[in-house]
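A.B. asks: Give me coordinates for this.
(2 chains)
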Amino acid sequence: MVLGMLLAYDAAGNVVATLDHVVQYDDNGTPLGLVDFGAHEDAGGEMTDVWTASNATGSKVWPEWIGGRAHDFRVELVGPPGRKRIGALVHKVSGHRRERAEIEARIADRIDAAHGQPADIRDLVGGPDRPLQLDDEGKTKARVPNARPALPLVSAAGQTNSRQRGELP
Amino acid sequence: MTERMDTAEYLEELAAALASHGSNIAALRMAELEQKVSPYLAAPGVPSATAGSGGSLAGVDTAYAPTVAMGAAGLFVTDGAITVTNAGSVVIIDGTSNMFKIQASGTKTQDWPATWGSAASGVTVTGAAPGGVFPAVIGMLRNGRTPDVRFTYFLDWDATTGPISQTGRWYFNLSGTDDLGISLQVVVSQAATGSMNGMTAALRYYVLKEAGI
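C.D. replies: The predicted structure follows:
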């Protein structure tokens, strides 16, 4: 299974739209599952089966979620005609390259190290609801927890607030 | 501190438990589950005032017995509900209310056109296969990387005379059918000043599906 986000690009390779995820439901509203963009692409499927962007010339899978920052890049396609994939994203200002081969190698290493157990790769690829955070040059930066003001909080289960529990001065 | 068994003790206990259940792991798990929930259950038809440590089922109609099952796919309650009650609120999951689930999400950009120009582009999500309930779409607009939402561009536009002050306007169109998918179009128009030259309108969109909870 190779999830990831879909990028749509214009003739110059500039990203003009993204699709982070799609869930299919049956007619009764029961969720059937996430659409596996990567598997569809690997099987030779076209992303026009999933979506279209009116000002795009093509759409392919990218194995990370980088949110709206994707629009800061242009795509580089690799592979033979009819089987092209996005080989790299190139930052339009800094020229920084996000190489697909490096990303996939890091994912493979993490999976190997898990010895058959589920491998946590969220810090490598992000997710639809938690895209990787990039700096102005297009490089991944550390995820910094949001600072929260030290105010008393009441949890639903407990009946004391965080100051009464001694968690605040 | 919780006292921990060593591996040999654990294996011995596990083997004994499996033997007592005919090596049926599913039966063993169900037996463990029944043991854990038994303090909270009353006999059918008998209201319980004190049902286990720290809990009470007083007033609950225990004669009505929904089917509860747990498996690899999660917890299943049939012909019943899940109720969470505490001092702050009561939350009931019983299928009678509706919520929105995010069926698909993404981003869209559109370069601003030249002075007195207009430009539009959009996306259509066809892979969602909406099924019986038609989804909705919401969007948020921003300009370039400035993390603000400039709805003032709407206010600067007069329907009859065009732009009132300067700049321009942007908006988005939503359309779609169950057969063709969900479409979203970004439209930008610039007025006389050209102050938007070289800028890009951008938004994040969500395709929402109404679902019961």
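A.B. asks: what does chain B have sitting close to chain A?
C.D. replies: With CB under 8 Å from any CB of the partner chain as the criterion, chain B meets chain A at residues B:84, B:86-89, B:101-110, B:120-133, B:181, B:185, B:200, B:202, B:204, B:207, B:209, B:211-212. (C-beta placed from N, C-alpha, C; glycine too.)
A.B. asks: Only the buried subset of these, as a PyMOL command please.
C.D. replies: Typed into PyMOL, the next command selects the buried ones out of these (criterion: 16 or more other CB atoms under 10 Å in any protein chain shown):
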select buried, chain B and resi 102+103+104+105+106+107+108+109+110+120+121+122+123+124+125+126+127+128+129+130+131+133+181+185+200+202+204+207+209+211
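A.B. asks: From the residues of chain B next to chain A, which land in strands?
C.D. replies: The members of the residues of chain B next to chain A that map onto strands under DSSP state E are B:84, B:101-110, B:120-125, B:181, B:185, B:200, B:202, B:204, B:207, B:209, B:211-212.
A.B. asks: so how far is chain A from B:Pro113?
C.D. replies: 12 Å (CB to the nearest CB, to the nearest Å).
A.B. asks: B:Glu13 belongs to a helix?
C.D. replies: Yes: assessed with DSSP: H, G, I helix; E, B strand; the rest coil, B:Glu13 lies in a helix.
A.B. asks: On the strand side of things, show who the closest residue in space to B:Thr126 that isn't next to it in sequence bridges to.
C.D. replies: Once flanking residues are discounted, B:Thr126 sits nearest to B:Gly181: 3.6 Å by CB to CB, 6 or more residues apart in numbering or on different chains. On the basis of DSSP bridges, B:Gly181 is bridged to B:Thr177.
A.B. asks: Ok, B:Tyr205 next?
C.D. replies: Here B:Tyr205 sits in beta bridges with B:Gly106, B:Gly139, as judged by DSSP bridges.
A.B. asks: Determine how far the last residue of stretch A:81-101 lies from the first.
C.D. replies: Using CA to CA, to the nearest Å, one end of stretch A:81-101 lies 19 Å from the other.
A.B. asks: got it, and stretch A:78-92?
C.D. replies: 18 Å.
A.B. asks: How about stretch A:68-87?
C.D. replies: OK, stretch A:68-87 end separation, CA to CA: 19 Å.
A.B. asks: which one is A:His96 nearest to, not counting chain neighbours?
C.D. replies: Nearest one to A:His96, counting by CB to CB, 6+ apart, is A:Gly138 at 4.3 Å.
A.B. asks: Quickly list the domain ranges of chain B.
C.D. replies: Listed by automatic domain parsing, the domain ranges of chain B are B:7-93, B:99-212.
A.B. asks: ok, back up a step: burial count for the residue nearest to A:His96?
C.D. replies: 21 (other CB atoms under 10 Å in any protein chain shown).
A.B. asks: again, but for the one 10 residues further on
C.D. replies: Using other CB under 10 Å, the number of residues around A:Arg148 comes to 7.
A.B. asks: mind listing the strands in chain A by residue range?
C.D. replies: Under DSSP E, chain A gives strands at A:5-9, A:15-25, A:31-34, A:51-53, A:58-62, A:73-78, A:85-91, A:97-99.
A.B. asks: from the middle of its chain, how far away would the last one be?
C.D. replies: On the basis of CA atoms, centre = their mean, to the nearest Å, the separation between the geometric centre of strand A:97-99 and that of its chain is 14 Å.
A.B. asks: By mean pLDDT, which helix or strand of chain B comes out lowest?
C.D. replies: For chain B, using mean pLDDT, DSSP states H and E, the weakest element among its helices and strands is helix B:152-155, scoring a mean of 38.
A.B. asks: Contact distance from chain B - what residues of chain A qualify?
C.D. replies: So chain A meets chain B at A:5-6, A:8, A:15-29, A:31, A:35, A:48-55, A:67-68, A:70-71, A:128, A:154, A:156-157, A:159 (CB under 8 Å from any CB).
A.B. asks: of those residues, buried ones?
C.D. replies: Neighbour counting with 16+ other CB under 10 Å marks A:5-6, A:8, A:15-25, A:35, A:50-55, A:67-68, A:70-71, A:128 as buried within these.
A.B. asks: Show residues contacting stretch A:101-113.
C.D. replies: Outside of stretch A:101-113, the residues within contact range by CB atoms under 8 Å, 6 or more residues apart in numbering or on different chains are A:63-64, A:87, A:119-121, A:124-125.
A.B. asks: Neighbour-wise, which one of these leads?
C.D. replies: Neighbour counts for the contacts of stretch A:101-113 peak at A:Glu64, which has 22 neighbours (criterion: other CB under 10 Å).
A.B. asks: Any idea which residue is closest to the centre of chain A?
C.D. replies: What sits nearest the mean C-alpha location of chain A, by CA atoms, centre = their mean, is A:Trp65, with 1.3 Å.
A.B. asks: contacting residues around that one?
C.D. replies: Listed by CB under 8 Å, 6+ apart, the contact set of A:Trp65 reads A:4-5, A:20, A:125-128, A:130-132.
A.B. asks: in chain A, what spans have low per-residue confidence?
C.D. replies: Within chain A, the segments meeting pLDDT under 70 span A:1-2, A:155-165, A:168-169.
A.B. asks: returning to that earlier point: and the residue nearest to A:His96, how close does it get to chain B?
C.D. replies: Applying CB to the nearest CB, the value for A:Gly138 to chain B is 13 Å.
A.B. asks: And for A:Gly95?
C.D. replies: On the measure of CB to the nearest CB, A:Gly95 and chain B end up 18 Å apart.
A.B. asks: Around that residue, how many other residues sit close by?
C.D. replies: For A:Gly95, the count of nearby residues is 9 (other CB under 10 Å).
A.B. asks: That one and A:Met5, how far apart?
C.D. replies: As judged by CB to CB, to the nearest Å, A:Gly95 and A:Met5 stand 22 Å apart.
A.B. asks: can you check A:His21 too?
C.D. replies: A:His21 sits 8 Å away from A:Met5, going by CB to CB.
A.B. asks: how distant is the helix of greatest length in chain A from the center of its chain?
C.D. replies: Counting by DSSP state H, the longest helix found in chain A is helix A:100-113. Averaged C-alpha coordinates place helix A:100-113 at 15 Å from its chain's average position (CA atoms, centre = their mean).
A.B. asks: Fine by me, we can end here.
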